[in-house]
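**Q** Just the structure for this:
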Amino acid sequence: GAAAFAAMKPSAVLIDVSRGGVVDEAALVAALDGGRIKGAALDVFSTEPLPANHPLWGYENVIVTPHCSSVYEGWEEKALDMFADNLSRYRRGEKLLGVVDPMRGY
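**A** This next block holds a predicted model:
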């Protein structure tokens, strides 16, 4: 929120790869507008994808990524392995791994 941004150094860059809604986006915009922080790198948002008319798109000192902070070398192979494992589990009627629970938010 605003108090957290006020406590940051003007040279600070916020990096958010947590969960959408953790950062108060209105307070972030106010901090950017007021020069209270240097910039931000954002991978998650309250509404995803980030709406086209959202003010965060207009900053040269803000990097917006498409919720892909978990990308790393070899992730494609790992994702394929997980898919194949879950497909086998599904065919055997077993519990799947990594199931999303919308009620919990992940």
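
**Q** Now do the strands in the chain.
**A** In the chain, the strands defined using DSSP state E lie at 13-16, 39-42, 62-64.

**Q** Just send those strands back as TSV, with mean pLDDT, distance to V29 and mean neighbour count too.
**A** Where you see a C-beta, it was placed from the backbone N, CA and C, and this is true even at glycine. Converted to TSV, the strands of the chain look like this (pLDDT from 0 to 100; distance: least, CB to CB, whole Å; neighbours: other CB atoms under 10 Å):
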stretch	mean pLDDT	distance to V29	mean neighbour count
strand 13-16	96	12	16
strand 39-42	96	10	18
strand 62-64	95	10	16
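
**Q** Let's have these in CSV, adding distance to G1.
**A** Listed next are those as CSV, based on distance: least, CB to CB, whole Å:
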stretch, distance to G1
strand 13-16, 12
strand 39-42, 15
strand 62-64, 18
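
**Q** hmm, what's the outermost residue in this protein?
**A** Of all residues in the chain, R92 has its C-alpha farthest from the mean position, at 33.9 Å, by CA atoms, centre = their mean.

**Q** Please identify which of the strands of the chain is closest to V100.
**A** strand 13-16 (20.2 Å; CB to CB).

**Q** Please name every helix or strand in contact with the closest one.
**A** Using 3 or more CB pairs under 8 Å, 6 or more residues apart in numbering; DSSP states H and E, the elements in contact with strand 13-16 are strand 39-42.

**Q** which secondary structure elements does the strand it packs on contact?
**A** strand 13-16, helix 25-33, strand 62-64.

**Q** got CSV for the ones you listed, with distance to A4 too?
**A** Output for these, formatted as CSV (distance: least, CB to CB, whole Å):
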stretch, distance to A4
strand 13-16, 9
helix 25-33, 8
strand 62-64, 17
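
**Q** Relative to L80, which of those is closest?
**A** Across the helices and strands packed on strand 39-42, closest to L80 is strand 62-64 (CB to CB), at 27.1 Å.

**Q** which residues are contacting that closest one?
**A** Identification of contacts with strand 62-64 by CB atoms under 8 Å, 6 or more residues apart in numbering yields 32, 39-42, 50, 56-57.
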